[in-house]
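Asks: Starting from these lines, generate the structure:
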Amino acid sequence: MRTPVFLLLFFLLIFRFPSFAQKIKDPAQLLRDLEHAKGVERSALYYQLVLVHLGNDKAKALDYGRKALAEAQAVQHDSMQIEALAILAMAHQHHGEDREGLKYAQQALDLAKAKGTKHQLLEAYGTNTIGMITLHQTDQALETALEGLRVAEAEKDTLMMVNFLEIIAASHKALHQWTEAEGIFRRELVLVEALGRPFEKGRLFANWGELYGAQFRFEKATPLFEKACESFRAMEYKAGESISLLNLGDCYYYLNQSDLAEKTYRRALDLNQEVQEPELEGLATIGLGRHAFERGDLEEAKRLFLIAEGIGKQYRIYNVLKEVYSELENLHTSGKNFAEARQYDQLFALYEDSMLTQDIQNRVAELEVKYEAQKKEAEIAEQRRTLFQQQAWLIGLVAGILALTALGFLFHNRYRLRQKARMDAAVIREQQLGLNAVIEAQEGERQRVARELHDGVAQELLAVSLGFKTVRRKLEKQALPEADMVRELDSKLEFLGTEVRQMSHVMLPPSLKQHGLAPSLELLVRSIEQHAGFKVNLDMDPLPARLEERVELGLYRIVQELLHNIFKHAQAGQVAIQLRQIEDQVLLRVEDNGVGFDFESARQKGTMGILNVLSRVHTLGGQFVTEPAVPRGTVSIIRIPLAA
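Replies: Here you go, the predicted model:
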C-alpha cells in the first residue's frame with residue numbers, strides 16, 4: 001500500500017476532547033467567543049480551533065496551535081501548557097513534520113511528569129510514541145506504548161487503551177510481525193465496539209486494511225477500507241476519508257477492478273481540494289495514470305504522470321517522484337522508447353536511494369538538469385522535424401501536381417518502400433542497442449551499490465563493532481552493569497553488518513566470477529530459502545566449467561528475478577529448478593506449486609519483473625515460454641544458445 005507520510009491514520013490520537021470524534025464545534029462560534037476571552041480560556045479556545053482544522057487546513061491548525069501555547073505560557077498555566085504542547089505536536093505530526101512534532105511531544109511529556117495529571121501523562125506518552133514511530137524508532141515506540149498501556153489499564157481508561165493498542169499494532173506491522181499485529185487489532189476491535197466512536201472505528205479499519213495490504217491480501221483489505229471511509233464520512237473527517245479512499249483505490253487496482261479504482265481515485269482528489277495535501281494529490285494522480293495506461297490511453301497516462309511529477313518536484317516529495325518515475329519507465333518501455341525508459345529507470349533508482357543520503361539527492365538534481373536539457377533538445381528537434389515535414393509535404397504536393405505521371409508515381413513509390421525498409425532495420429538496431437544499454441546500466445549500478453555496501457558501509461559497521469568490543473571488555477573488567485547493554489548493541493551491529501554483506505552479495509555475487517554459475521545458484525537458493533518460506537529443489541546437470549560471462553550473469557539474474565516473482569505473487573510452498581546443457585543450448589526450467597500466473601496479462605501490462613526477464617532472454621538471443629503446471633502453479637522455460 002502507498003500510505004502518504006503526512007497521514008498515517010493510526011498516529012492521530014484524540015485524547016481529551018471526545019467532541020472531535022463525535023461532533024466538530026462551530027468555528028465561527030469559537031472565533032466569536034475568542035473576542036471576549038482572556039488567559040486560560042483564550043488558550044482553550046485556540047486549542048478547540050486546532051481540532052476544528054486538523055486534517056482540513058494545515059496552516060490554520062499550526063497557527064492556532066502556536067497561539068494556544070503562547071497564551072498558556074503567558075499566564076504560566078502548567079496544565080494548559082501541556083495540552084497546548086500536545087495539540088501542537090499532533091498538528092505537526094498530522095501534516096508530515098515529524099521531527100518538529102516529536103520536539104513538542106517530548107516537552108509535553110517532561111512537563112506532564114513534573115506537574116501534569118495522570119490523564120495528561122497518558123496523552124504525553126501517546127504523543128511521543130506517535131513521533132517515534134513516524135521517525136521509524138520502532139523499538140522505542142513499542143516500549144513506550146507498552147508502558148503507556150499499563151498505566152491506561154491501571155486507570156481503566158478505555159480510550160487510551162485503544163490508542164496505545166493502535167501504536168503497538170503499528171510497531172508490530174513495521175517489524176513485519178503480521179500475526180502479532182493482527183492479534184492486537186482483534187483485541188482493539190472489542191474495545192472500539194464498546195466505545196462506539198466513529199473516529200476510532202475508522203482508524204482501526206484503515207490500519208487493519210494497511211496490515212493486509214502490506215501482505216498483498218487485497219481481498220481482505222478492501223472491506224476494511226470501505227468501512228473506514230464510512231466512519232470518517234459520518235463524522236465529516238475529510239483527511240481520514242481521503243487517505244482511506246486512496247488505499248481503497250489501490251486495492252481495486254490490484255484486484256483488477258479498474259473502473260472502481262478510477263472512481264475512487266477521483267473521489268480522493270475531490271476531497272483533497274479541501275484538505276490540500278500535495279502528496280495525496282500526487283499519489284491519486286498516479287493511480288489515475290495507471291488506469292489510463294491499462295486501458296491503452298498512453299497519451300492520457302503520460303499527461304497524468306507528468307502532472308504528478310510536477311507536484312513531487314514542487315513540494316520535494318520523494319515518495320511521489322519515486323512512484324511516478326517507475327510508472328514512466330514502464331510507459332516508455334511498453335512503447336519501446338528504451339532511451340527514455342533508461343533515463344526514468346535511473347531517476348527511479350536515485351530517488352529510491354535519495355531518502356538515505358544527501359549525496360544521492362544531489363546526483364538526482366544533476367540528472368534532472370541533464371534530462372531537462374535533453375528533453376528541450378528533443379522538443380526542438382521534434383519542432384524542426386515537424387517543420388521540415390510540412391515543407392516537404394508542400395513541395396511534394398506542388399511537384400505531384402506538376403508531375404502527375406505513372407512513371408513518377410512508380411519511382412516515388414519504390415523510393416518510399418526502400419526508405420521504410422531502411423528505417424525499420426534502423427529501429428530494430430536501435431531497440432537492441434537501447435535494451436543492451438538498459439541492462440548494462442542496471443548491472444553497473446548494482447555493482448556500484450554492492451561495492452559501496454561491502455567496502456564502505458560494511459567496513460564502517462565492522463570498525464564500530466570492534467570499538468564496541470573494546471569498550472565491552474573494559475566494562476566487563478570493571479564489572480559495570482552497562483557491559484550487558486554494550487554486549488547487546490555489539491550483537492546487533494554484527495547482525496547488521498552480516499545483513500549488509502549479504503545484501504551486497506545478492507546484488508553482486510562474488511562467487512559468480514570466482515567459481516561460476518552452478519555454485520552461485522546454490523548460494524542464491526540457500527539464501528532465499530532462509531527468508532522466502534518455500535523449499536527449492538535445485539537440479540543441475542554437469543555444465544562446462546565456465547560459460548561466457550554474460551551468459552552466466554544473465555542466467556543468474558533470470559533465476560533471481562523468477563524466484564523473486566514467486567515469493568511476491570505465487571504463494572508457493574515448493575519450487576523446482578532444473579539447469580542443463582542440451583547440445584548447443586542451455587535449458588533452464590523453473591516450476592512452482594503456487595496459485596498460477598497469467599504471463600500474457602503481465603506482459604501486456606508491462607510488469608517490471610517480466611520485462612526484466614524478457615529483456616535479458618532477448619539480449620542473450622534466447623526463448624522464454626510459460627505454461628500452467630499440473631495440478632497447480634507455473635512452469636517457466638528458458639533456452640539460451642551457447643556461443644560457437
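Asks: what sits against the residue nearest to residue 569 when sequence neighbours are not counted?
Replies: Computed as Cβ to Cβ, 6 or more residues apart in numbering, the closest residue to residue 569 that is not its neighbour in sequence is residue 597, at 6.9 Å. Quick note: C-beta positions are derived from backbone N, CA and C, even for glycine. Contacts for residue 597 (Cβ atoms under 8 Å, 6 or more residues apart in numbering) come out as 565, 569, 570, 626, 634.
Asks: quick one: low-confidence parts of the stretch 501-644 of the chain?
Replies: For the stretch 501-644 of the chain, the stretches with pLDDT under 70 are 501-511, 545, 599, 602-609, 643-644.
Asks: need the strands for it, in chain order.
Replies: Applying DSSP state E, counting those that start in this stretch to the stretch 501-644 of the chain gives strands spanning 535-540, 574-582, 585-592, 623-628, 634-641.
Asks: Save those as CSV, and put in distance to residue 116 and mean neighbour count too.
Replies: Formatted as CSV, these follow (distance: least, Cβ to Cβ, whole Å; neighbours: other Cβ atoms under 10 Å):
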stretch, distance to residue 116, mean neighbour count
strand 535-540, 56, 14
strand 574-582, 57, 17
strand 585-592, 57, 20
strand 623-628, 63, 14
strand 634-641, 60, 19
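Asks: Now render the ones you listed as TSV, adding distance to residue 381.
Replies: Formatted as TSV, the strands of the stretch 501-644 of the chain follow (distance: least, Cβ to Cβ, whole Å):
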stretch	distance to residue 381
strand 535-540	50
strand 574-582	47
strand 585-592	42
strand 623-628	36
strand 634-641	38
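Asks: Name the nearest residue to residue 152, sequence neighbours excluded.
Replies: residue 160 (4.0 Å).
Asks: Burial check on the one you found, number of neighbours?
Replies: When neighbours are counted by other Cβ atoms under 10 Å, residue 160 registers 23.
Asks: on that earlier part again, closest one to residue 214 among the strands of the stretch 501-644 of the chain?
Replies: Proximity to residue 214, assessed across the strands of the stretch 501-644 of the chain by Cβ to Cβ, is greatest for strand 585-592 (22.3 Å).
Asks: Make sure the residue nearest to residue 152 is actually in contact with residue 127.
Replies: No: between residue 160 and residue 127 there is no contact under Cβ atoms under 8 Å: 11.6 Å.
Asks: Neighbours of the spatially closest residue to residue 595 that is not a sequence neighbour, how many?
Replies: Nearest residue to residue 595, sequence neighbours excluded (Cβ to Cβ, 6+ apart): residue 571, at 5.3 Å. Look at residue 571: counted by other Cβ under 10 Å, it has 16 neighbours.
Asks: Stretch 253-267: which residues count as buried?
Replies: 253, 254, 257, 260, 261, 262, 264, 265, 266, 267 (16 or more other Cβ atoms under 10 Å).
Asks: And the contacts of that stretch?
Replies: The contact list for stretch 253-267, computed with Cβ under 8 Å, 6+ apart, reads 216, 218-219, 222, 245-246, 248-250, 252, 284-285, 287-288, 290-291, 294-295.
Asks: And stretch 67-86, by the same measure?
Replies: 15-16, 39-40, 42-44, 46-47, 50, 65, 87-88, 104-105, 107-108, 111-112, 115-117, 120, 123-124, 127.
Asks: Filter the residues you listed down to the buried ones, ChimeraX style.
Replies: In ChimeraX syntax, the buried subset of the contacts of stretch 67-86 is picked out as below (16+ other Cβ under 10 Å):
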select :15,16,40,42,43,44,46,47,50,65,87,88,104,105,107,108,111,112,116,120,123,124,127
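Asks: Helices - which of the contacts of stretch 67-86 land there?
Replies: 39-40, 42-44, 46-47, 50, 65, 87-88, 104-105, 107-108, 111-112, 115, 120, 123-124, 127 (DSSP state H).
Asks: Which parts of the stretch 201-350 of the chain are strands?
Replies: Assignment of strands within the stretch 201-350 of the chain using DSSP E, counting those that start in this stretch yields no ranges at all.
Asks: Go ahead and confirm residue 268 touches residue 284.
Replies: Yes: using Cβ under 8 Å, residue 268 is in contact with residue 284, at 4.6 Å.
Asks: Find the residues that touch each one of those two.
Replies: Contact criterion Cβ under 8 Å, 6+ apart; residues shared by residue 268 and residue 284: 246, 249.
Asks: Please, where are all the helices along the stretch 451-600 of the chain?
Replies: Residue ranges of the helices in the stretch 451-600 of the chain, as given by DSSP state H, counting those that start in this stretch, are 458-477, 482-507, 510-515, 517-532, 549-565, 599-605.
Asks: got those helices as JSON lines, with mean neighbour count and distance to residue 168 columns?
Replies: Converted to JSON lines, the helices of the stretch 451-600 of the chain look like this (neighbours: other Cβ atoms under 10 Å; distance: least, Cβ to Cβ, whole Å):
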{"stretch": "helix 458-477", "mean neighbour count": "15", "distance to residue 168": "30"}
{"stretch": "helix 482-507", "mean neighbour count": "15", "distance to residue 168": "22"}
{"stretch": "helix 510-515", "mean neighbour count": "14", "distance to residue 168": "41"}
{"stretch": "helix 517-532", "mean neighbour count": "17", "distance to residue 168": "25"}
{"stretch": "helix 549-565", "mean neighbour count": "20", "distance to residue 168": "31"}
{"stretch": "helix 599-605", "mean neighbour count": "14", "distance to residue 168": "38"}
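Asks: I'd like to know which of the ones you listed lies nearest to residue 186.
Replies: Here helix 517-532 is closest among the helices of the stretch 451-600 of the chain (Cβ to Cβ), at 27.0 Å.
Asks: Thanks a lot, catch you later.
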